[in-house]
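1. need coordinates for the following:
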Amino acid sequence: MIPGILGKKLGMTQVFDEDGNKIPVTVIEAGPCVVQRIKTKDKDGYSAVQIGYGNTRESLLKKPQREYAKKNGIPAKKFVREIRCDEVSEIKVGDTITTGQFQEGDYLDISGITKGKGFQGGMKRCGWSGGKETHGSMSHRAPGSVGCSASPSRIFKGHGMPGQMGNTRATVQNVLVVEVDKDSSTIAVKGAVPGANGGHLEIRFAKKRPIAERIVPEEAEEQETNDNKEEAEE
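-> Coordinates of the predicted model:
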């Protein structure tokens with residue numbers, strides 16, 4: 001099993017659990033993805049699987065990518081990323097990855113590009129409180145003094161300043177999977193994820209949370225049959 005997939009953020013909505021509690025969720029179109037390349041420790045120094053999502057024209061690909069796709073008979077994909085994988089012996093180029101590997105109760109780490117907000121001042125970008133709002137202050141939203149005097153006479157690294165805000169890679173960890181719809185290749189996760197609607201996402205199983213216990217279809221059908229028999233006997 002490849003521990004991740006690529007997808008697209010569709011938007012946010014809300015669902016209700018069995019107790020009637022409202023849960024805000026983000027709906028993500030996860031896959032289908034196609035395995036583009038397999039990297040091994042012997043050849044590349046590490047094990048990983050390169051997967052692609054979203055169809056595109058071959059003319060939009062770079063020449064090496066286009067020739068590689070033709071050579072291996074795989075479709076051109078718009079969004080391509082690598083996912084580290086410990087075991088790649090059973091994975092083949094051209095395999096399809098779907099939402100079938102996810103189920104309710106899983107925890108995911110989701111990465112995306114945040115919304116770009118352009119050039120912003122320090123109060124919005126860094127959370128400054130600002131200067132006095134009284135008459136004659138002359139310094140309401142300005143940065144003010146940011147450096148030191150004769151020693152060390154420089155600005156320390158990491159000091160908050162006005163500048164571009166957003167449009168950076170961000171990751172939210174331990175996001176709970178609330179619903180999985182295999183027919184529409186979508187999953188609903190609790191809370192918000194980075195990026196605007198339509199933005200591409202990298203979805204991986206959470207590193208700090210164990211994968212939920214997998215449900216075998218045969219066992220689930222047998223359990224459901226037993227439950228129905230018990231209800232009929234009662």
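2. SS state for residue 125?
-> Using DSSP: H, G, I helix; E, B strand; the rest coil, the secondary structure recorded for residue 125 is helix.
3. surely residue 91 is in a helix?
-> No: looking at residue 91 with three-state DSSP, it is coil, so not inside a helix.
4. list the contacts for it?
-> 2, 35, 38, 49, 85 (C-beta atoms under 8 Å, 6 or more residues apart in numbering). (Each C-beta comes from the backbone N, C-alpha and C, glycine too.)
5. any idea how far it is from residue 74?
-> 13 Å (C-beta to C-beta, to the nearest Å).
6. any residues in contact with both of these two?
-> Listed as contacting both residue 91 and residue 74 by C-beta under 8 Å, 6+ apart are residue 35.
7. any chance of TSV for the contacts of residue 91, columns secondary structure?
-> TSV is the format used below for the contacts of residue 91 (three-state DSSP):
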residue	secondary structure
2	coil
35	strand
38	strand
49	strand
85	coil
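8. by neighbour count, which of the residues you listed wins?
-> Neighbour counts for the contacts of residue 91, by other C-beta atoms under 10 Å, peak at residue 49, which reaches 23 neighbours.
9. show me what contacts the residue nearest to that residue when sequence neighbours are not counted?
-> Leaving out its chain neighbours, the residue that sits closest to residue 49 by C-beta to C-beta, 6 or more residues apart in numbering is residue 85, at 4.9 Å. Residue 85 makes contact with 2, 3, 47, 48, 49, 91 under the criterion C-beta under 8 Å, 6+ apart.
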